[in-house]
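Chemist: Could you work out the structure for the sequence below:
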Amino acid sequence: MTTKITSGTQAGPLPAYEQVKAFVKVQITSGTWRPGDAVPSESALQQQFGVSRMTVNRAVKELAVEGLVTRVRGSGTVVAQLHRISSTLAVRDIHDEVTERGHLHSTRVLTQHTTAAEAALAQAFGLAPGAELFHSVLVHLEDGVPIQWEDRHVNPAAAPHYFDADFTRTTPTRYLLAHAPLTEASYRIEACLPSPQEASGLNILRREACLVMTRCTISGPHVASIARLVYPGARYSFTGKFAL
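Modeler: Reported below is the predicted structural model:
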């Protein structure tokens with residue numbers, strides 16, 4: 001039987017190789033295929049999708065480059081270990097950023113509690129309204145100066161022992177990378193003024209502009225975490241490097 005996957009837009013179906021990639025990704029992110037599981041052979045995928053061997057080969061090669069599968073010579077293709085997938089995602093830990101600058105990182109834990117997800121947050125996590133979420137609020141400091149307000153909600157299904165961590169000794173990001181390895185991440189950055197609580201925690205005035213990153217991380221079949229990270233604009237800048 002030929003499998004067809006559409007793009008969900010008026011542009012029509014996905015290109016053939018993207019259909020194969022999308023099918024494999026759904027099996028992995030839904031948890032149907034687990035790390036170490038064998039991926040169907042290229043000939044099996046070719047028959048399933050009714051496409052050329054070259055098309056399937058391109059899809060599998062791109063999945064390997066993205067870190068989702070591992071090609072083993074003589075043994076076929078298997079689902080990659082989650083820590084391998086996680087390593088391909090550029091999710092920076094604030095502790096590492098500070099120590100790389102040769103400075104001292106410390107954390108103030110303001111709150112840790114279980115909360116019921118309101119409608120918008122529940123939708124973002126793919127949960128029913130009122131579902132249980134873990135909620136933590138921390139302030140990260142560099143040499144004693146506040147540089148990041150972290151307001152994070154965590155899905156207990158992805159990290160059931162989240163509150164067992166001592167966040168004065170490790171960061172939520174580091175804990176989640178270890179216990180809910182990432183398969184996907186997305187973020188949005190914008191400039192805005194801090195809330196009264198954020199301004200107080202960061203020891204800045206309410207009129208001082210901040211950079212705000214909203215970051216969503218996915219681990220296997222679960223949205224694992226949604227974090228609002230607030231940085232005083234006068235104390236922080238995002239940096240990166242691009243090469244051809």
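Chemist: list the contacts for the residue nearest to residue 207 when sequence neighbours are not counted?
Modeler: Closest residue to residue 207 apart from its sequence neighbours, by CB to CB, 6 or more residues apart in numbering: residue 193 at 6.7 Å. Heads up, the C-betas are built off the backbone N, CA and C, glycines and all. Residues in contact with residue 193 (CB atoms under 8 Å, 6 or more residues apart in numbering) are 206, 207, 208, 209, 210.
Chemist: The last one against residue 230, yeah?
Modeler: Yes: counting by CB atoms under 8 Å, residue 210 does reach residue 230; the two are 5.1 Å apart.
Chemist: what is in contact with the two at once?
Modeler: The contact lists of residue 210 and residue 230 share 194, 198, 202, where a contact means CB under 8 Å, 6+ apart.
Chemist: Which elements pack onto the helix or strand hosting the second one?
Modeler: This points to residue 198. Here residue 198 sits within helix 196-202, counting by DSSP states H and E. When contacts are defined as 3 or more CB pairs under 8 Å, 6 or more residues apart in numbering; DSSP states H and E, helix 196-202 packs onto strand 132-142, strand 145-154, strand 222-232.
Chemist: switch the cut-off to 6 Å
Modeler: Helix 196-202 sits against strand 145-154, with contacts defined as 3 or more CB pairs under 6 Å, 6 or more residues apart in numbering; DSSP states H and E.
Chemist: quick one, the strand it packs on and strand 132-142 angle?
Modeler: On the basis of axes from the mean of the first three to the mean of the last three CA atoms, to 10 degrees, strand 145-154 is oriented at 170 degrees to strand 132-142.
Chemist: And strand 145-154, what's buried?
Modeler: 146, 147, 148, 149, 150, 151, 152, 153, 154 (16 or more other CB atoms under 10 Å).
Chemist: tell me the contacts of the first one?
Modeler: By CB atoms under 6 Å, 6 or more residues apart in numbering, the contact set of residue 146 is 139, 202, 203.
Chemist: For PyMOL, what selects the buried ones among the residues you listed?
Modeler: Only the buried entries of these go into this PyMOL selection, using 16+ other CB under 10 Å:
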select buried, resi 139+202
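Chemist: Out of the contacts of residue 146, flag the one nearest to residue 179.
Modeler: residue 139 (22.6 Å; CB to CB).
Chemist: how long is stretch 77-94 from one end to the other?
Modeler: Taking CA to CA, to the nearest Å, the first and last residues of stretch 77-94 lie 35 Å apart.
Chemist: Just the helices from the chain, written as ranges.
Modeler: Per DSSP state H, the chain carries helices over the ranges 16-29, 42-49, 53-65, 82-87, 94-100, 119-125, 172-179, 196-202.
Chemist: Much appreciated, bye for now.
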